[in-house]
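# take this sequence and fold it.
(2 chains)
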Number of protein chains: 2
Amino acid sequence: MVCLAEMEFRPKLDATAESPLYRQLFDQIAEQIRSGRLARGERLPATRELAGQLGLNRTTVSAAYELLETEGLIAGQVGRGSFVTGGSTPGVDWTTVLERRDHAAGSSAAHWNRDVISFAVSRPSRELFPLDAFRASARSVLERDDLPDILQLGSPAGFEPLRRYLMDEARRQDLAGPDDDVLVTNGCQQAMDLIGRVLVRPGDTVAVEDPIYPGLKNLLTGMGAQLCGVPCGQDGMDPAALERVLDRHHARFVVLTSNFHNPTGGTLPAAARRSIAETARRAGVPVIENDAYGELRYSGEALPAIKQVDEQGGTVLLRSFSKVSFPGLRVGWALGPRPLIDRMRAAKEATDLHTDQLSQAVLLDFAESGRLEAHRRHVLQAGAERLAATLAACREFLPAGSRWTRPEGGMNVWVRLPEPLDAGELLARAQRAGVAYLPGRYFAVGRFDPGALRLSFAGLTPSEIRRGLEILGTVIKAELETASQRYEPSPAMV
Amino acid sequence: MVCLAEMEFRPKLDATAESPLYRQLFDQIAEQIRSGRLARGERLPATRELAGQLGLNRTTVSAAYELLETEGLIAGQVGRGSFVTGGSTPGVDWTTVLERRDHAAGSSAAHWNRDVISFAVSRPSRELFPLDAFRASARSVLERDDLPDILQLGSPAGFEPLRRYLMDEARRQDLAGPDDDVLVTNGCQQAMDLIGRVLVRPGDTVAVEDPIYPGLKNLLTGMGAQLCGVPCGQDGMDPAALERVLDRHHARFVVLTSNFHNPTGGTLPAAARRSIAETARRAGVPVIENDAYGELRYSGEALPAIKQVDEQGGTVLLRSFSKVSFPGLRVGWALGPRPLIDRMRAAKEATDLHTDQLSQAVLLDFAESGRLEAHRRHVLQAGAERLAATLAACREFLPAGSRWTRPEGGMNVWVRLPEPLDAGELLARAQRAGVAYLPGRYFAVGRFDPGALRLSFAGLTPSEIRRGLEILGTVIKAELETASQRYEPSPAMV
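Here you go, the predicted model:
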């Protein structure tokens, strides 16, 4: 600890002044404390010591100290001396405490006006929730004999009947090998978080899609990972580009979406899946296959998961009930090689003990009763209509030169407006006109196309989609005209 | 990449041997690869280069490389050379990948034989769960008009009606100041996890209770924190010892339990709460007040929380529905200064988006309907009986020289057996005799008393408690007799 006497502080005392010496000393020490120059926790010299240094009577110093103590600026401790306790920022200075770690702040999407047609959130439509089917499953859980087990502290691995169901399903679909295991998580997001905890060390390179889902970007960068973006479009991650990245960088793992990538809607063709599995295997790099949207295929043939074509056990598959049923119930799972799942389970226990068991039991009943499949058929029909409405409205209302992906499922279409349009700059105008979306910059890793934006269509009806894109088209066309006037050389310059 | 030529590897080739040179070269490179000395991804020298180095014909080297490629041990890439692809562990070597980060493996309590009377788990009795009251609250949620909002993607901060309820309750109890906010978490465990994510940098010192709840020890050490144990007994953490620790170390924060600490059952007296708040304030160190058990006071007067006596806003209070109602539903909350809660909310969003909303809604109804309070009264009565049975049985069955805490609530009593008894060594014998507990080593930070053990009594009936301690007493006395014979000097030595 730094003593007062060792500091630059030398009180200026005037024995002839009206104010007594003890008061002058008090004022000047108090000022040092209040300004923060004398910090909390610092020890003041003993009264005898300071008196000697300043050529004062010891009672003068004692009187000054007493006043400081009365004011709550210092506190005496028996046998240890007096310490600075008060000052300009008493107690915990949260700004300083929190500044010390540069944690990625979660970038929540802005809150939109309720009258705005919002393409901004990738989530299902609340109008489609099958409330009676949900109630039936919940009531059936309430009548179960093992209800006390559901309410009691559970296993970090997940509610055992749900784990068995997920493992049986994975075997039936030829997804799980003999060395695989399942871990129930709070949705795919927590599965990614646990993988990050188990694998990422600060400074590690992780190969990801570019553009990327912002929740994943925030999570990985918050853990200190260096993201290496691999271009991702209509056909998902580019396998040749991934190969180049894995040749050049020592990547800790690669994380990608096999079906209906958020934000692009891109889906890996079968050959690309095999090629990526092979590239990763050769490099000895794990593949994290994020498949939150896989159940939402509206047209075309389902493709085998990378987990399925990778026979070497280097892939972990992440799935979830959230997108296909109820996002408010946080239940997903990871299927992968046992050594990794074991470590994720230990991390899960440290994080939050286990996933909520009421929702695990309700979703198990929802799936086993066939209600999930019935609901999924309903959602697929609605999704197909919404996707078709989105693509048709893009054709009808977006200006010439616009491009967009044509997904076969999921919740998102990726649009690229022609130059010189900037989707970020355009957003405020679009919102005023009554339509919202997320501009491309939210999703950028390394490359950034200012004209890019994401349209999340699943939460809107076909007529809202059409109306929303009509508004957006009008705003864009107005902007294009302004821009062309702005860049047109004025006559005097010709 | 390290080239073959730069390694210690020098093939021993014999032109006079029966095996042709290309085959000898193949054998020796293959052995290097299979043994792992040549790692996956390493580049072999060009054939011309290696031929020159070894004084061989280039076709000899090419033939060896072709054979290596046929065997799947290397692969040629156009324009880049040949790379090691195979070896002893093709694909992802999970053991190696996972070894690179020394993550704290979660130490789940061993699984006990069902016939054993187990004092090992600190959780409520499943027989006490008020199933009908729970069903009534769940059914009431199913009939809510806002059921679709509950099923839809929610807010990282928590289900808004629950947050409002918790904030109103905190204000009513004079716990929340104008600068405070509430964050809903998956129980207290996740609240601690989020605080760790926001505050702990590897190498940071954190002041904790010694003994400590193992879930907290694993969590913090897994984040790279250095734990500094502050002795904790019947009266909770020792304030004078904490002061010494904060004087000597630059602690990132202090985390402690105000009521019915796990494992000791210790509770901080009112004066200690004020003293700790003041000590931490003076040091500018945040206090994390873990209060999972506070609602379970069976006797004595409730004491003000540290959060309440700390008027400087340096304390965060963690509470939970888990211990007083249903641990299988993972809902707790953090109440603290807004800057910290803001950062925790961002971390929460990155971790798992938000806490399960079905359980949040059911527990809100359970609380607002008065069912929680009715259940709590029932739990308090049962808990008082179980605690009394535990203390009475300790008196009756534990050997002279044993000491134990006398908590006024919670779920745990801390026992210290007389020397030379070792509670860890005794456990196997106790389990064979039909009783289980957790020995002190699970809870040790720096100090370790081999005679210490935790008795978690809440999940057992008074008669099970009595019978369990009778068995334990018998085992201990037998051990003491053996030990005294073992240490008794034999006649010849006198």
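# so A:T264 makes contact with A:N412?
Yes: between A:T264 and A:N412 there is a contact at 7.0 Å, judged by CB atoms under 8 Å. From N, CA and C alone the C-beta is placed, and that goes for glycine too.
# higher neighbour count, those two?
Neighbour comparison, A:T264 and A:N412: the larger count goes to A:T264, with 29 against 25 (by other CB atoms under 10 Å in any protein chain shown).
# so A:R319 sits right up against A:W333, yeah?
Yes: using CB under 8 Å as the test, A:R319 is close enough to A:W333 to be in contact (5.9 Å).
# what about the two, which has more around it?
A:R319 (29 against 24).
# ok, residues contacting stretch A:385-403?
Stretch A:385-403 is contacted from outside by A:298, A:404, A:406-407, A:409, A:413, A:415-419, A:455, A:457-458, A:460-463, A:465-466, A:468-470, A:472-474, A:476-477, A:480, using CB atoms under 8 Å, 6 or more residues apart in numbering or on different chains.
# show the buried residues in these.
Buried subset of these (neighbour count, 16 or more other CB atoms under 10 Å in any protein chain shown): A:298, A:404, A:407, A:409, A:413, A:415-417, A:455, A:457-458, A:460-462, A:465-466, A:468-469, A:472-473, A:476, A:480.
# now, these that are in strands?
A:404, A:413, A:415-416, A:455 (DSSP state E).
# from these, which are also near chain B?
When contact is defined as CB under 8 Å from any CB of the partner chain, these do not meet chain B at all.
# if we can go back for a sec, what's the overlap in contacts for A:T264 and A:N412?
In contact with both A:T264 and A:N412: no residue, using CB under 8 Å, 6+ apart.
# now do the strands in the stretch 351-494 of chain A.
Remark: strands assigned in the stretch 351-494 of chain A by DSSP state E, counting those that start in this stretch are A:403-404, A:412-416, A:435-436, A:438-439, A:452-456.
# export those to a markdown table and tack on mean pLDDT?
Formatted as a markdown table, the strands of the stretch 351-494 of chain A follow (pLDDT from 0 to 100):
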| stretch | mean pLDDT |
| --- | --- |
| strand A:403-404 | 98 |
| strand A:412-416 | 98 |
| strand A:435-436 | 97 |
| strand A:438-439 | 96 |
| strand A:452-456 | 97 |
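# so where's chain A uncertain?
For chain A, applying pLDDT under 70 flags the ranges A:1-9, A:35-36, A:78, A:86-90, A:96, A:99-114, A:486-494.
# for A:E169, what are its contacts?
Contact analysis of A:E169 by CB under 8 Å, 6+ apart lists nothing.
# residues contacting A:T279?
Going by CB under 8 Å, 6+ apart, A:T279 touches A:239, A:242-243, A:246.
# let's see 6 Å
Taking CB atoms under 6 Å, 6 or more residues apart in numbering or on different chains, we find A:T279 in contact with A:242-243.
# which is the next helix or strand following the helix or strand containing it?
Of the helices and strands defined by DSSP states H and E, A:T279 is found in helix A:270-283. Using DSSP H and E, the helix or strand that directly follows helix A:270-283 along the chain is strand A:287-290.
# the most centrally placed residue in chain A in helix, strand or coil?
In chain A, the residue lying closest to the centroid (CA atoms, centre = their mean) is A:G215, at 2.8 Å. For A:G215, the assignment made with DSSP: H, G, I helix; E, B strand; the rest coil gives helix.
# can you pull the contacts of the residue lying closest to it once chain neighbours are set aside?
Distances taken as CB to CB, 6 or more residues apart in numbering or on different chains put A:Q189 closest to A:G215, at 6.0 Å, once the chain neighbours are dropped. By CB under 6 Å, 6+ apart, the contact set of A:Q189 is A:215, B:352-353.
# just say helix, strand or coil for A:Q189.
Per three-state DSSP, A:Q189 ends up helix.
# only alpha carbons, please: show stretch A:448-460 as PDB.
What follows is stretch A:448-460, C-alpha atoms only, in PDB (Å, rounded to 0.1, in the frame of the first residue of the first chain):
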ATOM      1  CA  PHE A 448     -19.400  -7.500 -46.200                       C
ATOM      2  CA  ASP A 449     -21.800  -6.700 -49.000                       C
ATOM      3  CA  PRO A 450     -23.600  -3.500 -48.100                       C
ATOM      4  CA  GLY A 451     -26.500  -4.500 -50.300                       C
ATOM      5  CA  ALA A 452     -27.200  -7.700 -48.400                       C
ATOM      6  CA  LEU A 453     -30.200  -8.200 -46.100                       C
ATOM      7  CA  ARG A 454     -32.100 -11.100 -44.500                       C
ATOM      8  CA  LEU A 455     -35.800 -11.700 -45.000                       C
ATOM      9  CA  SER A 456     -37.200 -13.900 -42.200                       C
ATOM     10  CA  PHE A 457     -40.500 -14.900 -43.600                       C
ATOM     11  CA  ALA A 458     -41.800 -17.700 -41.300                       C
ATOM     12  CA  GLY A 459     -43.500 -15.400 -38.800                       C
ATOM     13  CA  LEU A 460     -45.600 -13.600 -41.500                       C
END
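# which residues does that stretch contact?
By CB under 6 Å, 6+ apart, stretch A:448-460 touches A:119, A:121-125, A:263, A:386, A:390, A:411-413, A:415-417, A:421-423, A:437-440, A:465.
# the same query, at a cut-off of 7 Å, please.
Outside of stretch A:448-460, the residues within contact range by CB atoms under 7 Å, 6 or more residues apart in numbering or on different chains are A:117, A:119-125, A:263, A:383, A:386-387, A:390, A:411-419, A:421-424, A:437-441, A:443, A:465, A:468.
# how does chain A divide up, domain by domain?
Following automatic domain parsing, chain A resolves into domains at A:4-84, A:131-369, A:373-482.
# deepest-packed of those, please.
Using mean count of other CB atoms under 10 Å in any protein chain shown, the stretch among the domains of chain A with the largest mean neighbour count is domain A:131-369, at a mean of 22.
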